[in-house]
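Chemist: here is my input; please provide its structure:
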Amino acid sequence: MYVHLSTRQAVRAWSGLSIQRISIWIAHFGSAGDLNARVKSTVLDASFATYERIIDLTIEQHADAFLVAGDAYDGDDRSLRAQLAFVEGLERLDSAGIHSFICHGQHDRLDEWTARLRFPKRAHRFGPGIEVVPLDTDHQVEVIGISQPHSMSIPNLAREFEEARNSAFSIGLLAADVTGEIQALNDSSLTYWALGSIHRHAAYRDQRPAIAYPGSPQGHHPEETGPRGAYVVDIDRRGRITRQFHHLDTIRWIEIQVNLTGIPTQPELFETVERRIERQIADADNRAIIYRLIFEGHGPLAGTLADTDTIADIVARLNDDYGDREVFAWCHHASYSPGTALDADDKPQTGDVIGALLRLSDEFRNDGERLRQLEAELAPLLEDPRFLPYRDEAGLSDRDMVEIINEAEARLLAELGSTE
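Modeler: Numbers count the residues shown, from 1 in each chain. A predicted model of the protein is given here:
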């Protein structure tokens, strides 16, 4: 869901979440049973909790309107609970006198909503054609929107929005990827484009027409790392625009990288990792974090970390220590990547066999065609349960294959004695 706010003197922009999509990444653990009760409960409710934060902040900001730019839930994982939670949030806004404007996107198409759901009086849902809806009684502010415009080109859409405009302040509400044709929106005379469909926040213009994708307020899977939330974009009556980003995520996905150089023992390794975890929790404003742990480089422990059983033991110990805390830190995956910390100029100078291995693994890591070949070779293994840690619900990503290469490289280096 990609959400935007507006007031009479300002446009306040958010972007959103799919309420149900957060549950999909549980597949990365093999099964939900791999999560302890606290983590599992928080994960399954994270998108709902984040949505409530958005509603709370909308009311606190005394917004005149709440704009949803598509994908209130994921069409591949929709539920009545998700739809009811979404409408209940709109009802809270309605009770506070706040209008809602909703356009539907690829994942929450108009015909996929439960027919018996009643949207509140102040909520307007856009249909498959462009509509213009006044926001105020004197028609100084209007919202122009359309649902599911997948068959229309962005330049044509921008032109039709422009032709429909008839107020001093016009807000375009659209769920579409316009990154390749942003100039079509730049050339319009709308006040603000409230966009949805892209999960990472991005702002293309600070002044009229302001254009923003505020991104998903709650990360859905391990690739959606870092702070998530919403922009508040104010546009005053003179057209001046200011924007502030609010962190609204309930849990935060991050990566923690640990270089093994100079770490001689496992107790010191754990101390290093624990310091990084504590720092990341603090940086996340004491939010729960779910992290990928990457060990890099060469040192006395490198050979030990080439063993996946050792990695699994480290993950289990860390999750035992941090998984039951009120503000938990959960490691969903760990790996060892020796080659990334080895200077590229040094690789050809390494012994003949080792140098050839490092050069070959680099070729695979950095060549898309080679990765496609590797993916084809590994395809028969994808259904083997032992392969689950290396894949997601969509199969193998380039990153998954790079991790497989890294682990193979680490094991071979350990056998050859180069990491001692």
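
Chemist: contacts and neighbour counts: CA atoms only from here.
Modeler: Fine.

Chemist: so which residues of the stretch 251-400 of the chain form helices?
Modeler: For the stretch 251-400 of the chain, helices defined by DSSP state H, counting those that start in this stretch occupy the ranges 266-283, 302-305, 308-322, 352-366, 368-378, 398-416.

Chemist: looking at these, which is buried most?
Modeler: The highest average neighbour count among the helices of the stretch 251-400 of the chain, using mean count of other CA atoms under 10 Å, belongs to helix 302-305 at a mean of 23.

Chemist: could you double-check that residue 205 lies in contact with residue 212?
Modeler: Yes - counting by CA atoms under 8 Å, residue 205 touches residue 212, with 7.4 Å between them.

Chemist: more neighbours: those two, which one.
Modeler: Summary of the neighbour comparison: residue 205 and residue 212, criterion other CA atoms under 10 Å, with residue 212 having more neighbours (24 against 14).

Chemist: list the buried ones in stretch 212-231?
Modeler: For stretch 212-231, burial by neighbour count (16 or more other CA atoms under 10 Å) applies to 212-222, 224-231.

Chemist: ok, the residue nearest to residue 124 when sequence neighbours are not counted - contacts?
Modeler: For residue 124, the nearest residue in space outside its immediate sequence neighbours is residue 101; the separation is 4.8 Å by CA to CA, 6 or more residues apart in numbering. Residue 101 sits next to 65-68, 123-126, 143 when contact means CA atoms under 8 Å, 6 or more residues apart in numbering.

Chemist: cool, residue 209 as well?
Modeler: For residue 209, the residues meeting the contact criterion (CA under 8 Å, 6+ apart) are 185-186, 188-193.

Chemist: what of residue 89?
Modeler: Contacts for residue 89 were tallied using CA under 8 Å, 6+ apart; they are 51-52, 55.

Chemist: can you check residue 124 too?
Modeler: So residue 124 contacts 99-102 (CA under 8 Å, 6+ apart).

Chemist: need those in CSV (columns: distance to residue 34).
Modeler: Shown next, in CSV, are the contacts of residue 124 (distance: CA to CA, whole Å):
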residue, distance to residue 34
99, 42
100, 39
101, 40
102, 37
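
Chemist: please indicate which of those are buried?
Modeler: Among the contacts of residue 124, those buried by neighbour count (16+ other CA under 10 Å) are 99-102.

Chemist: and those residues, which is closest to residue 264?
Modeler: Distances from residue 264 to these, taken as CA to CA, are shortest for residue 102 (57.0 Å).

Chemist: how distant is the helix or strand where that closest one lies from the center of its chain?
Modeler: Here residue 102, judged by DSSP states H and E, is contained in strand 99-103. In terms of CA atoms, centre = their mean, to the nearest Å, the centre of strand 99-103 is set 23 Å apart from its chain centre.

Chemist: neighbouring strands - and their directions - for it?
Modeler: For strand 99-103, sheet partners with direction are given as strand 65-69 (parallel), strand 123-125 (parallel), following DSSP bridges.

Chemist: got the helices of the stretch 251-400 of the chain as TSV, with mean pLDDT columns?
Modeler: Converted to TSV, the helices of the stretch 251-400 of the chain look like this (pLDDT from 0 to 100):
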stretch	mean pLDDT
helix 266-283	95
helix 302-305	82
helix 308-322	91
helix 352-366	73
helix 368-378	80
helix 398-416	72
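
Chemist: using CSV, lay out the ones you listed together with distance to residue 335.
Modeler: Formatted as CSV, the entries for these read as follows, by distance: least, CA to CA, whole Å:
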stretch, distance to residue 335
helix 266-283, 13
helix 302-305, 8
helix 308-322, 7
helix 352-366, 15
helix 368-378, 19
helix 398-416, 7
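
Chemist: which one of those helices lies nearest to residue 177?
Modeler: Nearest of the helices of the stretch 251-400 of the chain to residue 177, taken as CA to CA: helix 398-416 at 22.6 Å.

Chemist: remind me which residues of the stretch 201-350 of the chain are low pLDDT?
Modeler: 339-350 (pLDDT under 70).

Chemist: about what we covered before: now rank the contacts of residue 209 by neighbours and give me the top one.
Modeler: Among the contacts of residue 209, residue 192 has more neighbours than the rest - 29 neighbours, counting by other CA under 10 Å.

Chemist: pull the contacting residues for the residue nearest to that residue when sequence neighbours are not counted.
Modeler: For residue 192, ignoring the flanking residues on the chain, the nearest one in space by CA to CA, 6+ apart is residue 210 at 4.6 Å. When contacts are counted by CA under 8 Å, 6+ apart, residue 210 touches 191-193, 204, 241.

Chemist: Serialize the buried ones among the contacts of residue 124 to TSV and add fields for distance to residue 157 and pLDDT.
Modeler: Formatted as TSV, the entries for the buried ones among the contacts of residue 124 read as follows, by distance: CA to CA, whole Å; pLDDT from 0 to 100:
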residue	distance to residue 157	pLDDT
99	24	92
100	22	91
101	18	92
102	17	89
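
Chemist: for residue 135, give its distance to residue 94.
Modeler: Using CA to CA, to the nearest Å, one gets 14 Å for the distance from residue 135 to residue 94.

Chemist: I misspoke; the intended subject was residue 297.
Modeler: Taking CA to CA as the criterion, residue 297 is separated from residue 94 by 56 Å.
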